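Novice: Generate coordinates for the sequence data below:
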Amino acid sequence: MTRPLAIAGARLLLADAVSPPTTLTVIDGRIAAIGAHAPPRARAIRADGLLLAPGLVDIHGDAFERQVQPRPGVDFRHDLALIDTDAQLLANGITTAFHGVTLSWEPGLRSEAAFRAFVAAWGGLRGQLGAEHRIHLRLETYAMDQWPAAEAAIASGAVHLLAFNDHTAEIARRAADPARAARYADRSKISGAEVLALAQAMLARADEVEPFVARAAHVARDAGLAMASHDDASPEARARWRALGCTICEFPMNAATGLAARAAGEHVVMGCPNVVRGGSHLGWHSAEAMVRAGAADVLASDYYYPAMRHAAFALAAREVCTLPAAWAMVSANAAAAAGLADRGRIAAGLRADLVLLDDSALSGAEVVASIVGGRIAWMSGRGASLLA
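Specialist: Residues are numbered from 1 along each chain as shown. Next up is the predicted model:
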C-alpha cells in the first residue's frame, strides 16, 4: 500500500464548476475523498490558492517526432526521444498521451522501420516513464505493404487507437513542386524526385486501398480498438468511415462534417494550437469556430504540447464556453473518445491523474505539479516548496 496523498487548499476543477478550496485525498492511486480530513501519515501538498484539474488526455500528438528527428535527416534513438518527451508531457500537465505514430509507405521518419523502433522503445520503457504513454497508430491508407508490422503491433497490445490517414495524393502534389518537396525529402532522406516517384507509384495502386482499409478496420474492431478517420471532407465521407466503425472524426475540413459526426454521437477532434493561435497554420477551419458551432468536443495537442492547457483557458477567456466545459475537451471528452472511463474527471473512485495549476500566472496556466496514478510525477521548483 502506497502512502496516501492529501492536496489541501486547492480549488477543484469539477465537471460543471470550480469548487471552493478543499482537500482531495488520494489512496492507492485513486481519488479516495473530497472534503474529508486527510488520513494520518498522508503526504501533503499545501496548494492554497491553486487550481487542481484533471490531468490532460492528449488523444493525438506527434510533437515527439521533433525528439526523434530534431533537424532534417538527423535521427536519435526512439528511447531517448520518449524519455525527453515524457518530461515535456509532465511539465505541461499531460498525464495520458496517445502518440500519433505514422506508418507510411515513405522511408525515413514515418517508415515501417521507424514504427517498429518506436514500438520497441515504448515496450522497453513501460513502467519507467512518468506519464502514461499510448500508441495512436496513424495508418496511411496506401501502407498496404507495411500492414504486417501494424497487425503484429495490434496483436501484441501495443496499439491503443487506430486512425486512417490518406496523405498520399497530397504528398504527390506537393512533391511535384520543388519549393515544397524539401519537407518530404528531408524527413524521408531521399530526393524530392524520389518522393514524387514513390507517391505516384502508390497512387497507381488505388484499387487496393478500399479492401485494405476494410481488412484493417476488421482487425481493429476485433481487437477492441477505438478508430478514427482523418481530414474528412464531407458528411458523406464521414458516413463511409462510420460504416467501418470509426467513431472519432479527426480534423474535419468543415463545420457541416463535424456537425454530422456530433449528431451521430461521435467525437470530433480539433487542434489546440489552432485555438491558441486563432486559426490553423495550414489555413483550414477554425477550431474555435467549430467549438462555438457545437461541431467539435475534443481538443488535442496536435504538434505542440503546451497548447493543451492554454487552449482551454483561451476558450473560457473568449467566452466560447465555461472553463469546466473547455477543460473537458482536453480531459474527460478525450478520455471517453479513446474508451478510457477511469480518468479525465475529478470524482471519488477515479484514477488520480491530476494537474496542479496557478491560474493567476501571467501565462494564464502555470503547471506546478503533475500527478499520475496518485504519484507525484513532476513538480516545478515552486511545487517542491509546497510539500509538507
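Novice: Kindly format the C-alpha coordinates of the lowest-mean-pLDDT helix or strand in the chain as PDB.
Specialist: In the chain, the helix or strand scored least confidently by mean pLDDT, DSSP states H and E is helix 178-188, which has a mean of 82. Extracted in PDB, the C-alpha atoms of helix 178-188 (Å, rounded to 0.1, in the frame of the first residue of the first chain):
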ATOM      1  CA  PRO A 178      10.400  21.800 -56.000                       C
ATOM      2  CA  ALA A 179       9.800  24.500 -53.400                       C
ATOM      3  CA  ARG A 180       7.600  22.300 -51.300                       C
ATOM      4  CA  ALA A 181       9.300  18.900 -51.900                       C
ATOM      5  CA  ALA A 182      12.100  19.600 -49.400                       C
ATOM      6  CA  ARG A 183       9.900  18.900 -46.400                       C
ATOM      7  CA  TYR A 184       9.200  15.300 -47.600                       C
ATOM      8  CA  ALA A 185      12.700  14.800 -48.900                       C
ATOM      9  CA  ASP A 186      14.200  15.800 -45.600                       C
ATOM     10  CA  ARG A 187      12.100  13.500 -43.400                       C
ATOM     11  CA  SER A 188      12.400  10.600 -45.900                       C
END
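Novice: Distance from the chain centre to that helix, please.
Specialist: 26 Å (Cα atoms, centre = their mean, to the nearest Å).
Novice: residues in contact with that helix?
Specialist: The contact list for helix 178-188, computed with Cβ atoms under 8 Å, 6 or more residues apart in numbering, reads 69, 72-73, 106-111, 171, 174-175, 191-196. Just so you know, the C-beta spots here come from the backbone N, C-alpha and C atoms, and that holds for glycine as well.
Novice: Mark which of those residues are part of helices, please.
Specialist: Secondary structure from DSSP state H places 171, 174-175, 192-196 of the contacts of helix 178-188 in helices.
Novice: Arg351 and His310: what is the separation?
Specialist: 24 Å (Cβ to Cβ, to the nearest Å).
Novice: Compare the two and say which is more crowded by neighbours.
Specialist: Arg351 (24 against 19; other Cβ atoms under 10 Å).
Novice: That one contacts Asp28, correct?
Specialist: No. If you go by Cβ atoms under 8 Å, Arg351 and Asp28 don't touch, sitting 10.5 Å apart.
Novice: who touches both of the two?
Specialist: Joint contacts of Arg351 and Asp28 (Cβ under 8 Å, 6+ apart) are Gly374.
Novice: Quick check: buried residues in the least confident helix or strand of the chain?
Specialist: Going by neighbour count (16 or more other Cβ atoms under 10 Å), the buried part of helix 178-188 is 181-182, 184-188.
Novice: Ok, stretch 318-328 next?
Specialist: 321, 323-328.
Novice: How about stretch 135-148?
Specialist: For stretch 135-148, by 16+ other Cβ under 10 Å, it's 135-144, 146-147.
Novice: Report the separation between the two terminal residues of it.
Specialist: Length of stretch 135-148, first residue to last, Cα to Cα, to the nearest Å: 17 Å.
Novice: again, but for stretch 266-284
Specialist: Stretch 266-284: ends 21 Å apart by Cα to Cα.
Novice: What is the distance between it and the centre of its chain?
Specialist: 13 Å.
Novice: That stretch - what's its average pLDDT?
Specialist: The predicted model assigns stretch 266-284 a mean pLDDT of 90.
Novice: Quick check: Ala365 touching Ala307?
Specialist: No. Judged on Cβ under 8 Å, Ala365 makes no contact with Ala307 at a distance of 10.9 Å.
Novice: of those two, who's got more company?
Specialist: Ala307 (25 against 22).
Novice: Spit out the contact partners of the closest residue to the more buried one other than its chain neighbours.
Specialist: Counting by Cβ to Cβ, 6 or more residues apart in numbering, Cys272 is the residue found nearest to Ala307 once chain neighbours are left out, at 3.7 Å. For Cys272, the contact set (Cβ under 8 Å, 6+ apart) comprises 287, 299-302, 304, 307-308, 310-311, 330.
Novice: Tell me where the stretch 51-200 of the chain has strands.
Specialist: Applying DSSP state E, counting those that start in this stretch to the stretch 51-200 of the chain gives strands spanning 51-54, 56-61, 94-103, 132-140, 161-165.
Novice: Let me know which of those is the nearest to Gly9.
Specialist: Nearest to Gly9, of all those, is strand 51-54, at 9.6 Å by Cβ to Cβ.
Novice: if we can go back for a sec, name the pair among the ones in helices among the contacts of helix 178-188 with the greatest separation in space.
Specialist: Across the ones in helices among the contacts of helix 178-188, the longest distance by Cβ to Cβ is 14.1 Å; it joins Arg174 and Glu194.
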